[in-house]
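[1] Coordinates only, no sequence provided:
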């Protein structure tokens, strides 16, 4: 257990559907709770076993046990946004939760340009 290691203050947000003026829906995020957490980054080997893309960082966030967190929630730490992929009670004692998360790196995702084979072959000048 890492009770003394929980030194990062994180926001856990829940998705809510909002209706726009045209009758459509969009997703907004509201605060569910603010908790103390400990981040445990996964090694490259664990990320490869989980079949993660290189532009996605995987980590586990350890928090005190709660019953109101859902798999559809997300974690915000400053400007970072992490999607919760799994919620695990590692000891089944309701003392702490491990939130398995993934974070897509925006800068990397924006610089990836799809290359079409016919463009590479010089068919388009």
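    Structure received. In this text the structure is predicted, and so the values were computed from the model without any measurement. Numbering: from 1, shown residues only.
[2] make it CA atoms for all contacts and neighbour counts henceforth
    Noted.
[3] quick one: low-confidence ranges for this protein?
    1-3, 43-55, 105-125 (pLDDT under 70).
[4] what comes up buried for the longest strand seen in it?
    As assigned by DSSP state E, the longest strand anywhere in the chain is strand 25-41. Within strand 25-41, the residues that count as buried by 16 or more other CA atoms under 10 Å are 32, 36, 37, 38, 39.
[5] Distance to residue 83 for these - can I get that in CSV?
    Shown next, in CSV, are the buried residues of strand 25-41 (distance: CA to CA, whole Å):
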residue, distance to residue 83
32, 14
36, 17
37, 15
38, 16
39, 14
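[6] Need the max-distance pair from these.
    Using CA to CA, the pair of these lying farthest apart is 32 and 39, separated by 19.1 Å.
[7] How many residues are close by residue 86?
    If you count neighbours by other CA atoms under 10 Å, residue 86 ends up with 15.
[8] With residue 93 instead?
    Using other CA under 10 Å: residue 93 sits among 9 other residues.
[9] Three-state assignment for it, please.
    coil (DSSP: H, G, I helix; E, B strand; the rest coil).
[10] returning to that earlier point: and the longest strand of the chain, which strands flank it?
    Take DSSP bridges as the rule and strand 25-41 pairs in its sheet with strand 8-19 (antiparallel), strand 56-64 (antiparallel).
[11] Need the residues that contact it.
    The contact list for strand 25-41 (CA atoms under 8 Å, 6 or more residues apart in numbering) reads 2, 5-20, 58-64.
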